[in-house]
Each structure stands twice: as C-alpha cells, then as structure tokens.
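Visitor: structure for the following, please:
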Amino acid sequence: MNVLDWITAVASTATAIGVLIAVFQLWHSERLAATQFEDQLRRDYRELCARLPVKAFLGEPLTDSELQESLAAFHEYFHLCNSQLFLRAQGRIGSSTWTMWTRGLSANFELPAFQQAWEYMSERASQNRLEYLSRFLVDSVDPKLAGRIQ
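Guide: Numbers count the residues shown, from 1 in each chain. Model prediction:
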C-alpha cells in the first residue's frame, strides 16, 4: 500500500466517522427539541391545573357557583387535551409521554368535577372544536394508531 492509498483510506474512514457523528448530533438535537416541546406542554398543564379548584382533584363535585367560576379554566383544559391528542395524531408526541398523558387524562375525566364541566360544555358548544377529545373520551384509542382522526 503506497502513501496515496493510505491517505485515501484514512480520509474515507474520517469522512465516515464524521457522517456518523453528524447523524448522531441530528438525532440528539431532534430528540432534545421534542423533549423541550413536550416539557412545555407539561408546564402548560401544571399551570392550568393550578387554576382549577382543588376540590376537582379530590374527587368532590362542584357547586353550581364553583363550576361557573372555573369554567374558563376547564375550557382551557379541554382545549389543551384536544391539542395534545391532535399532536399525538400527527406523530409529534412520543409513546412514553403519550402513555403518561392518557393515564392523567383518563383519571381526571373519572372525577365528578371534570365530568360536570365536560357535560356543561358539551351541551353548549360544538364538539367539532374538541373533536379529538370527544372521540378519545368515547373510544380511548391512540389517535396516532387509529389513523381515523386526521
């Protein structure tokens, strides 16, 4: 092997290593961006839940006046859930985050206050605006796998 062949082999190897490093950096950057995006949605959820009555999370029904006072926060919560489901349908939410979110969503909707607020909103608003959430509450199917919610 002459010097030129040796230099070519080293350059080819270095190029291949460089490509592998670039691919890893792109993958890592994409994963970091996705994690930051999901973390922002988690922060939005926590901030929103702080505005809901504590009674709602303790499994107690709300009085009519408590429900009226908290409708704006519940409405925002329902829209956040709908957005999360839409993002999952689009493949923007990872499986582990999705699993955690659906557990929380299902648990919340078993609570009387969430049921009260949903019933109140359902009777008065078009479900087309909350299509993903409405469908999920009926069938609990992962919208990414369902392929029918687009």
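
Visitor: for the protein, longest helix please?
Guide: helix 3-50 (DSSP state H).

Visitor: buried ones in the helix or strand that that helix is followed by?
Guide: Downstream of helix 3-50, the first helix or strand assigned by DSSP states H and E is helix 54-57. Buried residues in helix 54-57, defined by neighbour count with 16 or more other Cβ atoms under 10 Å: Lys55, Ala56. Just so you know, the C-beta spots here come from the backbone N, C-alpha and C atoms, and that holds for glycine as well.

Visitor: grab the nearest non-local neighbour of the most centrally placed residue in the chain.
Guide: The centroid of the chain falls nearest to Gln84 when counting by Cα atoms, centre = their mean (3.8 Å). On the basis of Cβ to Cβ, 6 or more residues apart in numbering, the spatially nearest residue to Gln84 that is not a chain neighbour turns out to be Trp101, at 5.8 Å.

Visitor: relative to helix 3-50, how tilted is the helix or strand the one you found falls within?
Guide: Assigned by DSSP H and E, Trp101 belongs to helix 95-109. Helix 95-109 and helix 3-50 meet at an angle of 10 degrees, taking axes from the mean of the first three to the mean of the last three Cα atoms, to 10 degrees as the criterion.

Visitor: which strands and helices lie in contact with helix 95-109?
Guide: Applying 3 or more Cβ pairs under 8 Å, 6 or more residues apart in numbering; DSSP states H and E, one finds that helix 95-109 contacts helix 64-89, helix 112-124.

Visitor: many thanks, I have nothing further to ask.
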